[in-house]
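> structure, please.
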Amino acid sequence: MALDTATTSGCAFGKIGGQPEWEAFTAKGDSLGGKLNRFRCWLGEKIAAVQPDRIIYESRYLPVARQPRFVKASTAAAVAAPGAPPINIATLKLLLGLDGVVEEMAYDRGIELREATS
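Purely as a prediction, here's the structure:
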């Protein structure tokens with residue numbers, strides 16, 4: 001089973017050499033706890049149905065905040081140049097929480113877990 005955990009998570013599974021299947025899960029809810037609980041229930045059902053011998057999930061990318069850059073305009077006014085997107089702590093907590101659920105569920109069920117880096 002392969003997972004790409006995010007606000008909308010992707011899941012692919014199937015027999016080696018066979019036709020893969022896939023599914024998506026969208027984290028909806030009013031609170032972080034509610035979103036993680038829905039993900040845990042969905043993943044638990046998926047694991048029970050697929051019975052994978054291993055789970056591979058994508059390594060988390062954490063954006064690095066940069067200082068704003070300024071470019072001198074022809075009028076001598078400073079204009080902010082684009083940089084990295086700002087870090088949204090609520091999104092960061094959700095993403096790390098989703099990864100924690102995957103790790104805990106694999107551990108609890110004795111499923112081999114691998115983290116794939118890009």
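> low-confidence ranges in this protein?
Applying pLDDT under 70 to the chain flags residues 62-86, 118.
> helices and strands around the longest helix along it, which ones?
Assignment by DSSP state H gives helix 89-109 as the longest helix of the chain. Judged by 3 or more Cβ pairs under 8 Å, 6 or more residues apart in numbering; DSSP states H and E, helix 89-109 is in contact with helix 32-50, strand 54-58, strand 112-116. Just so you know, the C-beta spots here come from the backbone N, C-alpha and C atoms, and that holds for glycine as well.
> buried deepest among those, which one?
Mean neighbour count, computed with mean count of other Cβ atoms under 10 Å, is highest for strand 54-58 among those, reaching a mean of 17.
> hmm, back to that, could you dump the helices and strands packed on helix 89-109 into JSON lines and include distance to D99?
Below are the helices and strands packed on helix 89-109 laid out as JSON lines (distance: least, Cβ to Cβ, whole Å):
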{"stretch": "helix 32-50", "distance to D99": "10"}
{"stretch": "strand 54-58", "distance to D99": "7"}
{"stretch": "strand 112-116", "distance to D99": "9"}
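> quick one: closest of those to K15.
Closest to K15 of those is helix 32-50 (Cβ to Cβ; 10.3 Å).
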